[in-house]
Each structure stands twice: as structure tokens, then as C-alpha cells.
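J.: Sequence unavailable; structure follows:
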Ligand SMILES: *Cc1c(COP(=O)(O)O)cnc(C)c1O
């Protein structure tokens, strides 16, 4: 497919591989293995002399279509789909690291990623140092002789903090250490980290790429030298592969990704502006608000702001939970990127398993709530949040 096509065109057209039946929509190949014409052909495929599918733990045509399409959107040479976002992070770490290696990671990353680094990779001899996301000098100061990976999310979940990817990548490139960016929050619609100098992109396709809360999936993207040579062997032999069915769902999700993300960002910005003037709210974190400390960086680095809002209420856990429990429309669930708006209390859910110190370092406290805006009517969302927030105001004045 012509890589000069716009993102809109690539999202619906890239990666299609038609069968002999000339189907228009992408086919779903539910098969675990593929048949050979002869023993010689089987041997040639297994040895790698002849290209082609062998077994769906390695490759599957529906999964390949999803990988090709996502690669086109991210501007990546290669893409590997995985069973979940965490499987993508694990596969990237297993592909790039060995015992004795060291990661420099942002303090503000997904809770399960912190657990993966601190509790699981640590058992295999990989250590991690956490740094302030926006502080490029701190990243470089944390480098040790055994550092083999930089790892971040921007904007961070749930604090909405950013880093200047191009500025950081210039330094990490000079150090010769791969920079891995989890692009789950932005998707290629808002930000393409590889074009800014990152070496690998991670996706939790579970979020915006599915966008309808149905399946888990993930991906690792970047140059073939990293993705095919280092990460593919992990997939083939450790097996965190994406299922063909999930790939098919995600492939169709990509077709509407841009429309959804743009609509959800616009709605989130309007909701953030409304929250900002509510007396029960002490702070709103959204990169589209001029009050965001990195508003200008967000405008320069991203093609839109964010569908996710973090905000604090006056008080602590009790007050935050009261807002959650007053919701009748917003779903109390930790998923995000869905067409259905979700609300969560990060300190007791997504970031509940890390220590209070790690939480404080990640900028999360008990009064914080995260709303991931979907496609419902804005006034309905405001009315749902107003029920709990107005309740807090009347309690305070009583
Ligand atoms: C959800 C999420 C993940 C993990 O993805 P799963 O598909 O749930 O395994 C990783 N990074 C970020 C930023 C996420 O929001």
C-alpha cells in the first residue's frame, strides 16, 4: 500500500490480503495450523527457506493483516501483535534484555507495568530505576553501564504528564540505548513516536484500537532489526500470540479509530473545562487545558489532546468514592478507550497494588479520579458527574 496515503485511507485499506474468493471485507482465518502440499514444502517452510504460514503461534493471515495495518498507521517497518498490552511489554523486554541488564523507566507508567518490572523481571535479574517523566536530564543521569532500555508512556496514565519525545530521543540515540514508548493513550491518530525518534512502540490494543471493550490485544512496532530479529523469537517460542479472532476485531477497530479518538478527545476537553469550574474539584489534569503545565508541548507533539481526564476532588478517598458511587451512566471500570465512558479511582484500582510511596512518586493520591470519555452525549456525562460533585459541595457547606 502506498505509504503516502493519508491515515484515514491506510486505516481502512492497509494490510488487506485477499484469498482466492476475492472477499471484500478482511477474512477471519480461524485455524491453528496450515497444510503443506508435500513433505519437502513442509521442510522448506519450517527451515525458513520458503515463506508462508506454518502454525498460528508464529503467523496467521488475519493477525498479519492487523499487523500490517497498524504498522502503516504508526509508520513502522515491522509490527508484531500480541495477546494483550502486557504481553507486548513482556515480549519486548524478553527480546531486548537479559539477566544483569537495567531499565530506566518513567515513574508514571501503567500499574501492571511497574509490577512486571519490579516483581517479575527483577526475579530474572533485570533491575529498574524510575525517573521523573518530563526531566530529560534525569533520564540520562540514571543510566548505568548495564542500561539496555528506556521505557515511558506519554501522556502518562493517569497524571497526563508528558515528555518531549524528540528531545529525549536525541539523547537516548546518542547513548545507543533503545527508547520504548507505550503509545496506548495517544494511538497513531494523535502521536507517532517512531517519527519523533523512539525505537519501539508498544500498544495495548485493548484500549482505543478495539475501542468497544470487547477483546484484549497488544503490539510491538519498530524497525525489523528489533521487532523481527529480537521480539519475534519470543512470540514463536514463548507463545503470547494474538488470536486470529481478536486480530479480526482489532483490524475492524482500526477502521474507525480516528473518528472515535477525535470525537472522544473533543468531548473530553469540553468535560475537562466544565470540571475545572466545579467548586468540588480542586484540580483537573488534561493536556488540552491551558492550565496544564505542558500545554504547549502537547499542542506541538500531539495532533489532539486526550480522551482521558484526571481530576482531584477536595477531600480524600471517601469524597472521591462518593463521586464514583453516584454515577448511574458512567461505568465503574478500569478500562479506557471505550465508546462507553468509564470512571475509576486509580489509587485503589489500577495503581492499588503498588506501594503508597510508588503511588506518590507516580503523582497519584486518594482524591484523584480518572474519567476515560466515550461517545455518549456530553450533557448526559456532565449530569452524571454533577450528581456526586454537587453532593460534595452541599456536604461541605452544611
Ligand atoms: C491497559 C494498558 C496496558 C496493558 O494492556 P492490556 O491489554 O490490559 O494487557 C499497558 N499500558 C497502558 C498505558 C495501558 O493503559
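T.: All right, it came through fine. Just so we're clear, the structure is a prediction, and the values are computed from it rather than from any experiment. Numbering: from 1, shown residues only.
J.: Nearest to the ligand within the stretch 101-250 of the chain, name that residue for me.
T.: residue 204 (3.0 Å; CB to the nearest ligand atom). All C-beta spots, glycine's among them, are computed from the backbone N, C-alpha and C.
J.: burial count for the residue of the chain found nearest the ligand?
T.: Proximity of the chain to the ligand (CB to the nearest ligand atom) peaks at residue 85, 2.2 Å away. When neighbours are defined as other CB atoms under 10 Å, residue 85 has 24 of them.
J.: how close does the closest residue to it other than its chain neighbours get to residue 154?
T.: Leaving out its chain neighbours, the residue that sits closest to residue 85 by CB to CB, 6 or more residues apart in numbering is residue 204, at 2.5 Å. Applying CB to CB, to the nearest Å, the value for residue 204 to residue 154 is 15 Å.
J.: tell me, how many neighbours does residue 155 end up with?
T.: Neighbours around residue 155, by other CB under 10 Å: 29.
J.: measure it to residue 358 for me?
T.: On the measure of CB to CB, residue 155 and residue 358 end up 19 Å apart.
J.: same thing with residue 205?
T.: Residue 205 is 26 Å from residue 358, by CB to CB.
J.: Of these two, give the one with the bigger neighbour count.
T.: The residue with more neighbours, out of residue 205 and residue 358, is residue 205; 31 against 17, by other CB under 10 Å.
J.: what about the nearest residue to the more buried one once chain neighbours are set aside, neighbour count?
T.: Nearest in space to residue 205, with sequence neighbours left out and distances taken as CB to CB, 6+ apart, is residue 217 at 3.6 Å. Burial measure for residue 217: 29 neighbouring residues, criterion other CB under 10 Å.
J.: Next: residue 342.
T.: Using other CB under 10 Å: residue 342 sits among 21 other residues.
J.: check contacts around it.
T.: 330-336, 371-372, 374 (CB atoms under 8 Å, 6 or more residues apart in numbering).
J.: One more pass at 10 Å, please.
T.: Residues in contact with residue 342 (CB atoms under 10 Å, 6 or more residues apart in numbering) are 213, 308, 327, 330-336, 370-374.
J.: out of those residues, who's nearest residue 345?
T.: residue 370 (7.9 Å; CB to CB).
J.: that's a helix at residue 64, yeah?
T.: Yes - assignment of residue 64 by DSSP: H, G, I helix; E, B strand; the rest coil places it within a helix.
J.: any idea which helix or strand of the chain has the worst average confidence?
T.: helix 356-361 (a mean of 83; mean pLDDT, DSSP states H and E).
J.: Which elements pack onto the helix or strand that that one is followed by?
T.: Going down the chain from helix 356-361, the next helix or strand is strand 368-372, by DSSP states H and E. With contacts taken as 3 or more CB pairs under 10 Å, 6 or more residues apart in numbering; DSSP states H and E, strand 368-372 sits against helix 257-276, strand 281-285, strand 308-313, helix 317-325, strand 342-344, helix 378-397.
J.: Any chance of those in CSV with mean pLDDT and distance to the ligand as columns?
T.: Converted to CSV, the helices and strands packed on strand 368-372 look like this (pLDDT from 0 to 100; distance: least, CB to the nearest ligand atom, whole Å):
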stretch, mean pLDDT, distance to the ligand
helix 257-276, 98, 14
strand 281-285, 96, 15
strand 308-313, 97, 9
helix 317-325, 97, 19
strand 342-344, 97, 11
helix 378-397, 94, 21
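J.: Mind pulling the model confidence for the most centrally placed residue in the chain?
T.: In the chain, the C-alpha nearest the mean C-alpha coordinate belongs to residue 184, at 1.8 Å (CA atoms, centre = their mean). pLDDT for residue 184: 96.
J.: sorry, back to before: show me what the least confident helix or strand of the chain is packed up against.
T.: By 3+ CB pairs under 10 Å, 6+ apart, helix 356-361 packs against helix 111-115, strand 127-131.
J.: buried ones in the first one?
T.: Spelled out, it's helix 111-115. 111-114 (16 or more other CB atoms under 10 Å).
J.: Intersect those with the contacts of the ligand.
T.: residue 112 (CB under 6 Å from any ligand atom).
J.: what sits against the residue nearest to residue 205?
T.: 63, 66, 70, 81-85, 87-88, 203-207, 209-210, 242-243, 246-247, 249-250, 253.
J.: Identify all contacting residues around the helix or strand encompassing residue 43.
T.: Assigned by DSSP H and E, residue 43 belongs to helix 39-47. Helix 39-47 is contacted from outside by 34-36, 38, 49-55, 58, using CB under 10 Å, 6+ apart.
J.: Now go through those residues and say which are in helices.
T.: Applying DSSP state H to the contacts of helix 39-47, no entry is found in helices.
J.: What count of nearby residues applies to residue 276?
T.: What residue 276 shows, counting by other CB under 10 Å, is a neighbour count of 15.
J.: these two touch, right, it and residue 389?
T.: No - with contact defined as CB atoms under 10 Å, residue 276 does not count as touching residue 389 (11.9 Å).
J.: residues shared between the contacts of those two?
T.: residue 311.
J.: okay, the helices and strands packed on strand 368-372, which one's buried deepest?
T.: strand 308-313 (a mean of 24; mean count of other CB atoms under 10 Å).
J.: Give the pairing partners of it; include direction for each.
T.: The pairing partners recorded for strand 308-313 under DSSP bridges are strand 281-285 (antiparallel), strand 368-372 (antiparallel).
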